[in-house]
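>>> any chance you could fold what I've pasted below:
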Amino acid sequence: MASLDERGFGFLCDWFDNQSQTIRKLALTYYADSKSVQMWDIRGKRMFLKKCSYPQLRMEDLFPGSTVTVYNRQLNITDYADSYTKQVMGTAQQRTVGIIYASATQEAGKILDVAAVEGFSLGALKMTRMTDRAAMTFAQQSGRQVTRELIDGLSTGNIIVFELLARKSVAAWQNLIDMRQWGAFVCGSSSPEAAANESAYFFGEGSNRRLPHTATLRDSTLCLIKPHILRSGQAGKVLRAIQDAGFVVTAAGVFHLDRPAADEFLEVYQGVLADIEYNATTVELTSGRMIALELQSGSNGSVGSKGEDLDVVTAFRDFCGPYPVHIAKTIRADSLRAQFGNTVAENAVHCTDLKEDGILESEYFFGILGSSY
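Numbering: from 1, shown residues only. Model prediction:
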C-alpha cells in the first residue's frame, strides 16, 4: 500500500516557452518523501518530465499564486490539480495578509523575523502607499472596523503588505499580534475569505497600477535578498540587520526573475565575474523568489566600517562585505555576507557596486519589472 507521501501533491502551472512564445499548461506533481517531481503536458497529453529527484524544491514553495523554478523553467502555479492536494495543502498553507503601518515600516525586519520563528512562511510582499480615500474603501470592503487609527496607519506614508502561510494562519497571525502587542502598528486579515480578497487587491492582476511601488529613484542603492535566504526562512533576519544598521527601506517587492531578465540585469557584471561565478549567480537569481529593496541612508547618514562618511551605495556595499563569502568570513566577520552567505553565488545579497548604478538598478526592478508584477 502506498504511503500518503508517495501519492504526491498536484499543482496546475503555466510555463512560458520562450522558443515557441506560447504559454504551456503543465501539471506538476511533487513527491514529498523522495523530494521528487514529475510534470505532465496537459494539452499535449504526454509526459513532460519523468519523475526525478529535485531537492531544491520545497513543499512550502508550492501554493497557488507562487512561482517556482524547475530545471530552469519558471512555473507559475495557478491552482491545485486535485481535491486531495487542495484539502491537505489548503489546510496546511492557509493564507493571511499582514500590513505594517507607515509608522512602523522600519521595524519590518523584526516583525518578519518573529513571524518566521513562529512558523509562518512568507508569500508575496510589497511596499506601497494608499490615499486616505483608498484606505477608507479598503477598510470597508475588507470588513474591518473603520477607525481613524486604521485610516491614518494605512495612508500617512509607505506601508508594507505581505502574505503569510501557515496552518490556520488567520487566527495564528492575530494571536501573534495580540501576544506581541503589535496592534497599534500591525494588522491581519479577519477571515480566510477576507485574506483571499485582500491578497487579490494587493497582489493580483492590476495591483501595481492601483498601488504602485514607492521607489524614489534618488540617492539610493539596490539590495536583492537572494532566493536561498528566502528558502531558509532568514529574510526577516537579513532585513532586520539592514534596518538595524540604519538603512531605510523606500521600496520593496518580491520578484522571481527568468533567465533573460537575469542576464539583462547582470550584463554589466559579465567579464567582471569569472564565467563559472557568473553562471552560478544567474542560476541562483532565477532559482526562486527574492526580495528587492531600494535603500537610502538614515537621518544620521551612512558610515563605513572604519567610521568614515560615505554615500549610500558605497556604505551599503561596505556593510555587505566582500563578494566571495570565504573572504568575507575571514576579514569581515561582522558583514552581512559573512553572517548569512554560503558560497559565491549564495552570498546572501546582491548590492549595487557603483555609485552611478544605484538609481539604474532600482529603476530596473521597480520601474521596468515592477510594471509587470
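>>> could you list the domains of this protein?
As assigned by automatic domain parsing, the chain contains the domains 4-90, 93-210, 221-372.
>>> mind checking pLDDT for the residue sitting nearest the centre point of the chain?
Geometric centre of the chain, nearest residue: Val254, 3.4 Å, by CA atoms, centre = their mean. Looking at Val254, its pLDDT stands at 95.
>>> contact partners for Val88?
Phe9 (CB atoms under 8 Å, 6 or more residues apart in numbering). Glycine gets a C-beta too; all of them are placed from N, C-alpha and C.
>>> which positions within the helix or strand where it lies qualify as buried?
Following DSSP states H and E, one finds Val88 within helix 83-92. Across helix 83-92, burial judged by 16 or more other CB atoms under 10 Å covers 85-86, 89.
>>> rewinding a little: who's in contact with the nearest residue to the residue nearest to the centre of the chain once chain neighbours are set aside?
Closest residue in space to Val254, ignoring its immediate chain neighbours: Leu125 at 4.8 Å, by CB to CB, 6 or more residues apart in numbering. The contact partners of Leu125, by CB under 8 Å, 6+ apart, come to 160-163, 252-254, 291.
>>> name the member of those with the most neighbours.
Ala252 (27 neighbours; other CB atoms under 10 Å).
>>> A strand includes that one, no?
Yes: per DSSP: H, G, I helix; E, B strand; the rest coil, Ala252 lies within a strand segment.
>>> wait, isn't it in contact with Gln243?
No: contact between Ala252 and Gln243 fails when scored by CB atoms under 8 Å: they sit 11.2 Å apart.
>>> who touches both of these two?
Going by CB under 8 Å, 6+ apart, residues that sit against Ala252 and also against Gln243 are Ala108.
>>> output the below-cut-off pLDDT ranges for the stretch 201-350 of the chain.
Low-confidence segments of the stretch 201-350 of the chain (pLDDT under 70): 299-309.
>>> quick revisit: tell me the secondary structure at the residue nearest to Val254.
strand.
>>> next one: Leu295
Of the three states, Leu295 takes strand under three-state DSSP.
>>> now do the helices in the stretch 251-373 of the chain.
Secondary structure of the stretch 251-373 of the chain (DSSP state H, counting those that start in this stretch): helices located at 259-265, 275-285, 312-320, 325-331, 336-340, 358-363.
>>> in TSV: those helices, plus distance to Thr216.
Formatted as TSV, those follow (distance: least, CB to CB, whole Å):
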stretch	distance to Thr216
helix 259-265	20
helix 275-285	24
helix 312-320	11
helix 325-331	29
helix 336-340	22
helix 358-363	8
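>>> looking at those helices, which is closest to Cys223?
Closest to Cys223 of the helices of the stretch 251-373 of the chain, according to CB to CB: helix 312-320, at 6.7 Å.
>>> other SSEs contacting that closest one?
On a contact count with 3 or more CB pairs under 8 Å, 6 or more residues apart in numbering; DSSP states H and E, helix 312-320 meets strand 221-225, strand 290-296, strand 302-303, helix 336-340, strand 349-351.
>>> what does it contact?
With contacts defined as CB under 8 Å, 6+ apart, helix 312-320 is touched by 219-221, 223, 242, 245, 247, 295-297, 302-305, 310, 335-337, 348-349, 351-355, 357-358.
>>> now Glu294, nearest residue through space, not along the chain?
Using CB to CB, 6+ apart and skipping residues adjacent in sequence, the residue nearest Glu294 is Ala251, 3.8 Å away.
>>> for Asp263, same thing?
Per CB to CB, 6+ apart, closest to Asp263 is Thr282, 6.6 Å.
>>> thought Arg259 was touching that neighbour, still the case?
Yes: counting by CB under 8 Å, Thr282 touches Arg259, with 7.0 Å between them.
>>> between those two, which one's more packed in?
Thr282 (21 against 16).
>>> got the contact list for the more buried one?
Neighbouring residues of Thr282 by CB under 8 Å, 6+ apart: 259, 262-263, 266.
>>> returning to that earlier point: now the contacts of Leu125 as TSV including distance to Phe316?
Formatted as TSV, the contacts of Leu125 follow (distance: CB to CB, whole Å):
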residue	distance to Phe316
Ile160	19
Val161	24
Phe162	23
Glu163	27
Ala252	15
Gly253	18
Val254	20
Ile291	15
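>>> which of the residues you listed lies closest to Ile177?
Checking the contacts of Leu125 one by one against Ile177 (CB to CB), the nearest turns out to be Phe162, at 13.3 Å.
>>> what score does the closest one have for pLDDT?
Reading off the model, Phe162 has pLDDT 98.
>>> can you tell me the closest non-neighbouring residue to it?
Spatial nearest neighbour of Phe162, chain neighbours left out: Leu125 (4.1 Å); criterion: CB to CB, 6+ apart.
>>> any idea what Gln94 is bridged to?
Beta-bridge pairing of Gln94 under DSSP bridges involves Ala166.
>>> burial count for it?
Gln94 has 21 neighbouring residues, counting by other CB under 10 Å.
>>> from memory it sits against Trp173, does it?
No: look at Gln94 against Trp173 with CB under 8 Å: they stay out of range, at 9.8 Å.
>>> so what sits against both of the two?
Counting by CB under 8 Å, 6+ apart, the shared contacts of Gln94 and Trp173 are Ala166.
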